[in-house]
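Undergrad: Give me the fold of what follows.
(one chain, ligands or ions: 2)
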Amino acid sequence: MAKENKKIEQSDICIGCGICDSVCPINTKLAKKDDFDPDTAKLAIRVCNGSAIIDEDTCIACGSCVRSCPVESLSIVVIAAA
Ligand code: SF4
Ligand code: SF4
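TA: Numbering: from 1, shown residues only. Ligands and ions are numbered 1, 2, ... in the order given. Prediction:
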């Protein structure tokens with residue numbers, strides 16, 4: 001799935017609940033690997049020190065985390081074409 005010039009942005013209202021991490025299809029796919037290690041896997045989104053962090057290289061901007069966040073901390077933004 002292509003990103004189509006979109007990315008996920010996060011506000012500072014994240015409460016670190018981890019729902020975004022659990023609904024992310026990329027994270028789910030990685031977690032099914034036999035050698036999955038949550039500490040080293042290149043997750044698309046992970047909660048660290050009480051706040052979600054997005055890996056823009058891995059995230060496909062599908063929006064699942066945006067729709068699932070209970071405090072609307074995440075949003076999809078369209079990146080202007082270069
Ligand atoms: S937008 Fe990115 S971080 Fe969010 S669920 Fe989709 S792939 Fe995962
Ligand atoms: S971004 Fe939203 S869903 Fe993810 S940990 Fe923060 S509050 Fe929870």
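Undergrad: so where do the helices sit in the chain?
TA: Taking DSSP state H as the criterion, the chain carries its helices at 19-23, 25-31, 64-68.
Undergrad: Nearest to residue 40, out of those?
TA: Set against residue 40 and scored by CB to CB, the helices of the chain come closest in helix 25-31, at 10.4 Å. (Each C-beta comes from the backbone N, C-alpha and C, glycine too.)
Undergrad: do you know which of the helices of the chain lies nearest residue 55?
TA: Closest among these, using CB to CB: helix 25-31, at 8.9 Å.
Undergrad: any idea how far the residue most central in space within the chain is from ligand 1?
TA: What sits nearest the mean C-alpha location of the chain, by CA atoms, centre = their mean, is residue 45, with 3.3 Å. Distance of residue 45 to ligand 1, given as CB to the nearest ligand atom, to the nearest Å: 4 Å.
Undergrad: Dig out what that residue forms beta bridges with.
TA: Beta-bridge partners of residue 45, counted by DSSP bridges, are residue 54.
Undergrad: Which pLDDT value belongs to it?
TA: Per-residue confidence at residue 45 stands at 98 (pLDDT).
Undergrad: wait, it sits on residue 51?
TA: No - using CB atoms under 8 Å, residue 45 is not in contact with residue 51; the gap is 10.8 Å.
Undergrad: residue contacts, the residue nearest to the centre of the chain?
TA: Contacts for residue 45 (CB atoms under 8 Å, 6 or more residues apart in numbering) come out as 8, 20, 21, 24, 27, 52, 53, 54, 55, 59, 65.
Undergrad: residues contacting residue 57?
TA: residue 42.
Undergrad: gap between it and residue 12?
TA: 22 Å (CB to CB, to the nearest Å).
Undergrad: a markdown table for the contacts of residue 45, including neighbour count?
TA: Formatted as a markdown table, the contacts of residue 45 follow (neighbours: other CB atoms under 10 Å):
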| residue | neighbour count |
| --- | --- |
| 8 | 22 |
| 20 | 27 |
| 21 | 20 |
| 24 | 25 |
| 27 | 24 |
| 52 | 23 |
| 53 | 13 |
| 54 | 20 |
| 55 | 12 |
| 59 | 19 |
| 65 | 27 |
